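Return a 3D structure for these sequence lines:
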Amino acid sequence: MRGFKAIRKPSTQSQSQSQSQPQPQYEIADILNRLGDKLEDLGFNAWQLRTLFALKKCRTSALGGHIDACDECGNISISYNSCRNRHCPKCQGRNREQWIENRETELLPVPYFHVVFTLPEVLNKTALHEPKMLYDTLFETAWETLQTFGKNKGLSMGMIAVLHTWGQNLSLHPHVHCIVPGGGVDENGVWKNIRSDGKFLFSVKALSKVFRAKFCEKLKVKNLEEYPKIRQSLWEKDWVVFAKKPFGSPKSVVEYLGRYTHKIAISNHRIRNIDAENVTFDYKDYRQKGLRKQMTLSHEEFIRRFTLHILPKRLVKIRHYGFLSSTWKRKKLKTLQQNLGVIPREKPIKKPFSPKCSCCKVGNLVTIATFDLRGPPRWFLERSQSLKLPKI
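The predicted structure follows:
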């Protein structure tokens, strides 16, 4: 490691000019900071407030930080700690990449389908008051629906499901994205495709009818207080189950689903402007074939909508079922892969995160000191203050 030279790290905005993915100009944290103490007067529960405060403090001095040195050019820089909250738009990248790497070791040479189960709008009130019950029921019913169709073929199926609760305009829109292999294993553990041509999985009309019937029955059994009032509305309309054509290759499945696994209601990149009172952000209008539009909301309304999508504590948003469940994979996945001509791969060992130096772009950053909310140690401040900021 070469001799160190302490220089101040450029601002986030200036660093973005040299990065392939530019840093967003505005952040959700900016809106939270503008609201200040008003947050506690907006009627949020303790868990929602705790999440919002975590996002507000993410990568600021409030969470402390660390001093890094480049093992190549010797540059010393300071970084603040992340909140690691699953609702934070700045903390999802590493988790997503690790998840994708793990799933790639489990792929089979079979058709894969993307199926989406969506709840009708009449259940939005229930989602507000009993979110855990409703979202658990959504997962259970989606899996039981696919299981029913698989059993009719004499097969045990598998599924990976990811919960999303939002629409593009931050409205409440609960649905699960599911990746479903186009077949299953029979009672002897032998793989069989649902169809020889692999063109589609099951009839979406049939899936939606079974999905609705099973979901309504579960609400009835759970003695949902408002069920008698909304029963007719639940049965009046067809429920939406959407199934896309099979993916081009098994690997493209995981990369595609990777877009959904660690996604949050809105990314910072979609925020276009924040002024003294309002927030303007981009969204796609799927009623007009995905036409890009902009929406402006007050700070309070934006955060109210964002908070609709803070999941209940400990609710699992990515779930694995059937032969894709953890228990089944530990015991039988390697055998199934071998029978299908796939050489089993071990899951990659989780490597410690080693970011590249923003100065030379070659060396790795090594942490040489940590600090709490009181700030960097005196030796760093004395050395950095004696140097001029780099010209931008």
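
tell me the secondary structure for the nearest residue to Pro250 once chain neighbours are set aside?
Excluding the flanking residues, the one nearest Pro250 by C-beta to C-beta, 6 or more residues apart in numbering is Leu107, at 4.2 Å. Heads up, the C-betas are built off the backbone N, CA and C, glycines and all. At Leu107 the chain is in coil, as set by DSSP: H, G, I helix; E, B strand; the rest coil.

who's in contact with Leu107?
By C-beta atoms under 8 Å, 6 or more residues apart in numbering, the contact set of Leu107 is Pro250, Lys251, Val253, Val254, Val342.

Isn't Thr370 up against Asp68?
No. Using C-beta atoms under 8 Å as the test, Thr370 is too far from Asp68 to be in contact (10.3 Å).

Show me which of the two is the more surrounded one.
Between Thr370 and Asp68, counting by other C-beta atoms under 10 Å, Asp68 is the more crowded of the two (21 against 12).

Show me what counts as buried in the helix or strand containing the more buried one.
Element membership of Asp68 [criterion: DSSP states H and E] is strand 65-70. Across strand 65-70, burial judged by 16 or more other C-beta atoms under 10 Å covers Gly65, His66, Ile67, Asp68, Ala69, Cys70.

Can you get me a residue count around the residue nearest to His309 when sequence neighbours are not counted?
The shortest distance from His309 to any non-neighbouring residue, by C-beta to C-beta, 6+ apart, is to Ala265 (4.0 Å). Ala265 has 20 neighbouring residues, counting by other C-beta under 10 Å.

swap in Leu324?
Counted with other C-beta under 10 Å, Leu324 comes out at 21.

which ones are touching it?
Glu106, Gly158, Met159, Ile160, Pro181.

For stretch 52-70, measure first residue to last.
33 Å (C-alpha to C-alpha, to the nearest Å).

now do stretch 181-197
Chord length of stretch 181-197, first to last residue, is 14 Å (C-alpha to C-alpha).

List of residues touching it?
With C-beta under 8 Å, 6+ apart, stretch 181-197 has contacts from 108, 110-113, 150, 153-158, 198, 201-202, 246, 322-324, 332, 335-336, 339-340.

so where is this protein shaky, pLDDT-wise?
Counting by pLDDT under 70, the chain contains low-confidence residues at 1-21, 198, 351-352, 382-392.

For Ala62, see how far away Arg50 is.
Distance of Arg50 to Ala62, given as C-beta to C-beta, to the nearest Å: 14 Å.

higher neighbour count, the two?
Ala62 (16 against 13).

any idea whether the more buried one is helix, strand or coil?
Here Ala62 takes the helix state, with states given by three-state DSSP.

right, and it touches Arg374 too?
No. Distance between Ala62 and Arg374: 10.9 Å, which falls outside the contact criterion (C-beta under 8 Å).

Near the residue lying closest to Ser325 once chain neighbours are set aside, how many other residues are there?
Ranked by C-beta to C-beta, 6+ apart and with sequence neighbours excluded, the top spatial neighbour of Ser325 is Gly158, at 7.6 Å. When counting by other C-beta under 10 Å, one arrives at 25 neighbours for Gly158.

okay if I get the buried residues of strand 65-70 as JSON lines plus distance to Asn81?
Listed next are the buried residues of strand 65-70 as JSON lines, based on distance: C-beta to C-beta, whole Å:
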{"residue": "Gly65", "distance to Asn81": "5"}
{"residue": "His66", "distance to Asn81": "7"}
{"residue": "Ile67", "distance to Asn81": "12"}
{"residue": "Asp68", "distance to Asn81": "12"}
{"residue": "Ala69", "distance to Asn81": "17"}
{"residue": "Cys70", "distance to Asn81": "19"}
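
from those residues, which single one is nearest Ile230?
Gly65 (49.7 Å; C-beta to C-beta).

wait, what's in contact with the closest one?
Ile78, Ser79, Tyr80, Asn81, Thr370, Phe371, Pro376.

Dig out what it forms beta bridges with.
Tyr80, Phe371 (DSSP bridges).

if I look at it, how far off is Pro181?
44 Å.

Gly93 too?
According to C-beta to C-beta, Gly93 and Pro181 sit 27 Å apart.

When those two are compared, which one has more neighbours?
The residue with more neighbours, out of Gly93 and Pro181, is Pro181; 26 against 11, by other C-beta under 10 Å.

All the helices of the stretch 101-250 of the chain, residue numbers only.
Assigned by DSSP state H, counting those that start in this stretch, the helices in the stretch 101-250 of the chain fall at 124-129, 131-152, 204-221, 227-236, 250-261.

Tell me which of those helices sits most buried.
Most buried of the helices of the stretch 101-250 of the chain by mean neighbour count (mean count of other C-beta atoms under 10 Å) is helix 131-152; its value is a mean of 19.

so how far is Thr307 from the residue nearest to the spatial centre of the chain?
The chain has His262 as the residue nearest its centroid, 1.9 Å off, counting by C-alpha atoms, centre = their mean. From His262 across to Thr307, the span is 19 Å (C-beta to C-beta).

so what's the residue nearest to the centre of the chain up against?
With C-beta under 8 Å, 6+ apart, His262 has these contacts: Arg86, Gln92, Gly93, Asn95, Arg96, Trp99.

Would you mind checking the residues you listed for buried ones?
Counted by 16+ other C-beta under 10 Å, those give Gln92, Trp99 as buried.

For the contacts of His262, give me a markdown table that also has distance to Lys284 and secondary structure.
Below are the contacts of His262 laid out as a markdown table (distance: C-beta to C-beta, whole Å; DSSP: H, G, I helix; E, B strand; the rest coil):
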| residue | distance to Lys284 | secondary structure |
| --- | --- | --- |
| Arg86 | 23 | coil |
| Gln92 | 20 | coil |
| Gly93 | 22 | helix |
| Asn95 | 25 | helix |
| Arg96 | 21 | helix |
| Trp99 | 25 | helix |
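
buried set for stretch 275-294?
Val279, Thr280, Phe281, Tyr283.

Count the neighbours of Asn81 for me.
Asn81 has 19 neighbouring residues, counting by other C-beta under 10 Å.

List the contacts of it.
Applying C-beta under 8 Å, 6+ apart, one finds that Asn81 lies in contact with Arg59, Leu63, Gly64, Gly65, His66.
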